[in-house]
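K.L.:
Attaching a predicted model along with its sequence, questions to come.
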Amino acid sequence: MKLSLKDIEMMAQWSKLELDQEEKLGFEDKLNKILQKIDIIKELDTNHVQLTEDRSIHRYILRDDKVGPSLNRDLVLKNAQDTRNGMFSVPSILD
């Protein structure tokens, strides 16, 4: 799969990024190089490779919940750019 300049422009538009022509060409080149490497990996024969699962990694991820004192609301909100009704107010990201 190869991305065209039009594909890059569409992704930039979806991401609400303003890219100049040089940046678009740079992203086109970089992303196409990544996709070429993925295509090489897809060609590898992995039928003889058995799936493994490293359970030791997942053993210590979760910890017991402990009830503790909450932070002071005024302290938490003091550096917020905008607040409303005692909560953070952020701009909408959906059109």
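P.N.:
Yep, that arrived.

K.L.:
alpha carbons only for contacts and neighbour counts from here, please
P.N.:
OK.

K.L.:
Return the set of buried residues in stretch 66-73.
P.N.:
Of all the residues in stretch 66-73, not one is buried under the rule 16 or more other CA atoms under 10 Å.

K.L.:
That one - what's its average pLDDT?
P.N.:
For stretch 66-73, the mean per-residue pLDDT is 93.

K.L.:
could you point out which element follows the helix or strand bottoming out on mean pLDDT in the chain?
P.N.:
Lowest by mean pLDDT, DSSP states H and E among the helices and strands of the chain is helix 55-59, with a mean of 63. Downstream of helix 55-59, the first helix or strand assigned by DSSP states H and E is helix 73-77.

K.L.:
Tell me which residues are up against that next one.
P.N.:
For helix 73-77, contacts defined as CA atoms under 8 Å, 6 or more residues apart in numbering pick out 83, 86, 87, 88.

K.L.:
quick one: the strands in this structure?
P.N.:
Along the chain, counting by DSSP state E, strands occupy 83-84, 87-88.

K.L.:
Residue 69: which of these is closest?
P.N.:
Across those, residue 69 has its closest neighbour in strand 87-88 (18.5 Å, CA to CA).

K.L.:
roughly how far is that closest one from the heart of the chain?
P.N.:
Here strand 87-88 is found 24 Å from its chain centre; the criterion is CA atoms, centre = their mean, to the nearest Å.
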